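Chemist: got a sequence here, can you model it:
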Amino acid sequence: MVDAGTVELVRSVGPKIFTSADLVQKYEACWTAEQLQSHLEAGEIVDLIIREAFQLAAKGARDGKPLTEYVLKQWILKEFDAAGVTRKRPDVAVDRTPVIRICAGGTPSRSIASARIRSAVCRRARPWRQAETPRE
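Modeler: This is a model prediction of the structure:
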């Protein structure tokens, strides 16, 4: 990767610059068949858990016992762990509240409040997960 200033400097003396994106895609960003299969399997697991999370949040709102963003996030993490996918900090946010992030020590940031999920609509639940099989 080269910064724009360097690119402009090189161009100013004549050479034409080409992107290396195709080479990177071919040699650095390719999955093996096993990696693709693992990704697809993890995607199915994540989709199922996120659907269940939305159902859980909606039930809490309907029953007058709304979950907080933090509680829902912890539920998602527990389900991911039980399903055997690697933990990658999912985000859960409602309305205009900040996203709750788990710090390195495993505790929520003290400067961010965890909003209650009061309606059946959750604005964002963005998981980042993959199967726990080792990559080469």
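
Chemist: count the residues that sit near Arg11.
Modeler: When counting by other CB atoms under 10 Å, one arrives at 11 neighbours for Arg11. Backbone N, C-alpha and C define where each C-beta goes, glycine included.

Chemist: show me the shaky parts of this protein.
Modeler: 87-90, 93-115, 118-136 (pLDDT under 70).

Chemist: do that again at 80, thanks
Modeler: Within the chain, the ranges that satisfy pLDDT under 80 run 1, 28-29, 86-136.

Chemist: what are the ranges of the strands in it?
Modeler: Secondary structure of the chain by DSSP state E: the strands cover 85-86, 91-93, 124-126, 130-131.

Chemist: check which helices and strands the first one sits against.
Modeler: Right, strand 85-86. Where contact means 3 or more CB pairs under 8 Å, 6 or more residues apart in numbering; DSSP states H and E, strand 85-86 is packed against helix 33-62, strand 130-131.

Chemist: could you dump the ones you listed to CSV with distance to Ser20?
Modeler: Compiled in CSV, those are given as follows (distance: least, CB to CB, whole Å):
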stretch, distance to Ser20
helix 33-62, 22
strand 130-131, 26
